[in-house]
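# Sequence plus predicted model, see below.
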Amino acid sequence: MKNSKKLIALLLAALICLGALSACGNSAPAETPAPDASAAAPDASAPESGSETRIITDVFGREVEIPASVKSCAALGSAARLIVYAGGVDYIVGCTEMELRGDPGMPYAYANREHFAACGAVASGGSGNADYAEALVELAPDVVFYQDSDTVAMEELAQKTGLPVIGVYGDAFNSHYLTDSIILIGEVLGTQEKAEKTSEAIKGWVKELGDRTKDIPESAKPRVYPGAVSWSGGHGFTGTYVGYAPLEAINAVNLSDTLDAHDGVEVSMEQIIEWDPDIIFLNPGNMNMVNDDYAAHKDAIDSLKAVREGKIYAQVNFNYYWCNMELAIVDSFYAGKIIYPEAFADLDFEAKAEEIFNEMIGMPYLSVLEVNGCGFGPISIG
């Protein structure tokens, strides 16, 4: 079977080089629609006795035939992040150029930077992503995990390469698609125990965040403004986010949710002055832009209640090549500790943060954030 597989791979590679097949790109992650919630739950069926293949059902309800025993995989569209969560990093032989860099802004890639540096590049990654079909054929992994909701692109890539392409989707840390994808990856790679442990941990953290805050009356909640949020690049003081996940997870009052907008949006300084938030959260990675805004609007920013009372705190950017789930969850606990000190009085934030990092990426990470100027704590503007 191995010889026939190599022969098929070589023939496909030759066809690609002759121009008979063309490379396939997928759309930018920020613009892809969420998958249909009615899609079938993922399933990895056990192979029949003596069978060399098995049929699995991915998170989009697509049936994919894969080897009975998977020894290697490639990861497209930041699927490598989900594979790390599922304990399968050692199976990855191909990833995107984004992962090859091991950027500390993507904890899963930084924690496994030596492994990723030795992998083959099978896509560019990023908002202008292009998949490298020729490189996939030459690498010939047993399966390809594709993180996106574009099932048409998955089918096209499978046809071009002759490789099994499995759809996974990590859209939010409180979404069943994330945990379903982690479980599916574990079943495909044989890392079920780790995948199930991580999946249950995520569900537990989400429940804890909700349980600690669900009964707090609205009248007792401070009004919060999340600024300097990154989406499609960095933004300054007036860059905010409607439906900001860490605040939603703790049932907080996000002033930006009153806007007639979706996701990331720029607001006017006049609007922020009118809101006059009780607490402000800023992304420490965008403080250069915040300080530029402060130089231009010093009196206005100084007049804000949160600024006068020193209630400005960090929210580490988690939206870097899709969502870094561990950072978003840690952000949620930190925001809870700041907004609701009584509800989180018994919580040791540093211990909780490292618990999350160790479970999801296999290493403590607060010191890495600090060294890179993106740690948690109070923030001074200007």
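Yep, it's here. Numbers count the residues shown, from 1 in each chain.
# Phi first, then psi, for the closest residue to Thr151 other than its chain neighbours.
Counting by Cβ to Cβ, 6 or more residues apart in numbering, Thr151 lies nearest to Phe60, which is 5.3 Å off, once chain neighbours are set aside. Using the backbone N, CA and C atoms, a C-beta is placed for each residue, glycine as well. Main-chain dihedrals, Phe60, degrees, to the nearest 10: phi -100, psi 10.
# again, but for the one 5 residues further on
Listed backbone geometry of Glu65 is phi -90, psi 120, with angles given as degrees, to the nearest 10.
# Enumerate every residue touching it.
Glu65 makes contact with Thr53, Arg54, Ile55, Pro164 under the criterion Cβ atoms under 8 Å, 6 or more residues apart in numbering.
# what's the spacing between the second one and Ala111?
When distance is defined by Cβ to Cβ, to the nearest Å, Arg54 is 31 Å away from Ala111.
# ok, now the third one?
When Cβ to Cβ is the yardstick, Ile55 and Ala111 sit 33 Å from each other.
# which residues does Tyr110 contact?
Gly102, Asp103, Pro104, Val368.
# shouldn't the first one be in contact with Ala117?
Yes. The pair Gly102 and Ala117 qualifies as a contact (Cβ atoms under 8 Å) at a distance of 6.6 Å.
# Run a quick check on Val84 versus Tyr108, I expect a contact.
Yes. Contact criterion Cβ under 8 Å: Val84 and Tyr108 qualify, at 4.2 Å.
# residues shared between the contacts of the two?
Residues within reach of Val84 and of Tyr108 at once, by Cβ under 8 Å, 6+ apart, are Met360, Ile361.
# quick one, which of these two is more surrounded?
Val84 (28 against 25; other Cβ atoms under 10 Å).
# element containing that one?
According to DSSP states H and E, Val84 maps onto helix 79-85.
# Spell out the residue ranges of the strands in the stretch 201-350 of the chain.
For the stretch 201-350 of the chain, strands defined by DSSP state E, counting those that start in this stretch occupy the ranges 223-227, 239-242, 253-254, 263-266, 279-282, 312-314.
# name the helices or strands packed onto the longest one?
What that stands for is strand 223-227. For strand 223-227, the helices and strands in contact under the criterion 3 or more Cβ pairs under 8 Å, 6 or more residues apart in numbering; DSSP states H and E are strand 239-242, strand 253-254, helix 269-275, strand 279-282.
# So which of Ile55 and Ala111 has more stuff around it?
Ala111 (24 against 15).
# Number of residues surrounding the closest residue in space to that one that isn't next to it in sequence?
Leaving aside its sequence neighbours, Ala111 sits nearest to Ile361 (Cβ to Cβ, 6+ apart; 4.3 Å). Burial of Ile361 is recorded as 24 neighbouring residues (other Cβ under 10 Å).
# From Glu326, how far off is Ile361?
6 Å.
# Give me the common contacts of those two.
Common neighbours of Ile361 and Glu326 (Cβ under 8 Å, 6+ apart) are Pro107, Tyr108.
# Give the helix, strand or coil label for His115.
helix (DSSP: H, G, I helix; E, B strand; the rest coil).
# cool, Gly167 as well?
Of the three states, Gly167 takes strand according to three-state DSSP.
# does it really touch Thr151, like I thought?
Yes. Using Cβ under 8 Å, Gly167 is in contact with Thr151, at 6.1 Å.
# Between the two, which has more neighbouring residues?
Gly167 (29 against 18).
# Just list whatever residues bridge to the more buried one.
Judged by DSSP bridges, the bridge partners of Gly167 are Tyr146.
# so what's it scoring on pLDDT?
At Gly167, the model reports a pLDDT of 98.
# Next: Ser127.
On the pLDDT scale, Ser127 is placed at 72.
# Likewise for Pro67?
pLDDT at Pro67 comes out at 98.
# ditto for Leu12
In this model, Leu12 carries a pLDDT of 39.
# Also Ser4?
43.
# Would you mind giving the secondary structure of Leu184?
helix.
# Would you check how far apart it and Ala68 are?
Going from Leu184 to Ala68 by Cβ to Cβ gives 16 Å.
# Looking at the two, which one has more neighbours?
Taking neighbours as other Cβ under 10 Å, Leu184 and Ala68 compare with Leu184 leading, 25 against 12.
# so how many other residues sit close to the closest residue to Tyr132 other than its chain neighbours?
In space, not counting the residues next to it along the chain, Tyr132 is nearest to Val122; the distance is 5.2 Å by Cβ to Cβ, 6+ apart. Look at Val122: counted by other Cβ under 10 Å, it has 26 neighbours.
# before we move on, what about the one 3 residues further on?
Here the count is done by other Cβ under 10 Å, and Gly125 has 26 residues near it.
# Please, where are all the helices along the stretch 201-350 of the chain?
Taking DSSP state H, counting those that start in this stretch to define them, one finds helices in the stretch 201-350 of the chain at 245-249, 269-275, 287-296, 298-302, 305-308, 325-339, 349-361.
# which one of the ones you listed has the most crowded surroundings?
helix 325-339 (a mean of 25; mean count of other Cβ atoms under 10 Å).
# got the angle for that helix vs helix 349-361?
Here the directions of helix 325-339 and helix 349-361 differ by 160 degrees (axes from the mean of the first three to the mean of the last three Cα atoms, to 10 degrees).
# and helix 325-339 with strand 223-227, angle?
140 degrees.
# any idea how far the residue nearest to Ala111 is from Leu178?
In terms of Cβ to Cβ, Ile361 sits 15 Å off from Leu178.
# Got the domain ranges for this structure?
2-200, 214-371 (automatic domain parsing).
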